[in-house]
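Colleague: Could you look at this predicted model? Sequence included:
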Amino acid sequence: VAEKFDSLEEHLEKFVENIRQLGIIVSDFQPSSQTGLNQKLNFMVTGLQDIDKCRQQLHDISVPLEVFEYIDQGRNPQLYTKECLERALAKNEQVKGKIDTMKKFKSLLIQELTKVFPEDMAKYKAIRGEDPPP
């Protein structure tokens, strides 16, 4: 997959450079530079075709829209990954805390129910395989 991205990156860099050069030619256009202008326009067409070929190789890759929002805001898209991981870790800690709390609650509930309903709880534990039947 990395090779596909490297190829796309290379083609995009060439395309951007051709556009930059085209802008220079157009900004100071002289009739004698018509041949160079035509050549750069042809390079642009070829560059777009190369980029389109890369697109076909990467059709199965999806990018979250939030990444494009990061780019539009001038932020590094790698920060998106970092923040996603941080949010996932925080959520994981919350869920782990809830699970631990529920386990404690279950243990306390079983203890209290055993005090009030010892026979029923012995049957329950036997069915669950926690204690052998009395």
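Modeller: Received it, and whenever you're ready, just let me know what you need.

Colleague: C-alpha from now on. contacts and neighbour counts both.
Modeller: Fine.

Colleague: which sections of this structure are below the confidence cut-off?
Modeller: For the chain, residues meeting the criterion pLDDT under 70 lie at 1, 131-134.

Colleague: How is it partitioned into domains?
Modeller: 1-61, 63-133 (the TED database).

Colleague: for the last one, the distance to its chain's centre please.
Modeller: This points to domain 63-133. Centre-to-centre, domain 63-133 and its host chain are 23 Å apart (CA atoms, centre = their mean, to the nearest Å).

Colleague: Same question for the shortest one.
Modeller: For domain 1-61, the distance from its own C-alpha centre to the chain's C-alpha centre is 28 Å (CA atoms, centre = their mean).

Colleague: please renumber so the chain begins at 23
Modeller: New numbering, starting at 23: the last item is domain 23-83.

Colleague: Format the domains of the chain as JSON lines; extra columns: mean neighbour count.
Modeller: Below are the domains of the chain laid out as JSON lines (neighbours: other CA atoms under 10 Å):
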{"stretch": "domain 23-83", "mean neighbour count": "14"}
{"stretch": "domain 85-155", "mean neighbour count": "12"}
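
Colleague: longest helix of this structure?
Modeller: Using DSSP state H, we find that the single longest helix of the chain is helix 100-138.

Colleague: any idea which helix or strand comes after it?
Modeller: helix 140-150 (DSSP states H and E).

Colleague: helices or strands next to that next one in the packing?
Modeller: helix 100-138 (3 or more CA pairs under 8 Å, 6 or more residues apart in numbering; DSSP states H and E).

Colleague: residues contacting residue 27?
Modeller: By CA atoms under 8 Å, 6 or more residues apart in numbering, residue 27 lies in contact with nothing.

Colleague: Which element, helix or strand, includes it?
Modeller: Assessed by DSSP H and E, residue 27 sits inside helix 24-49.
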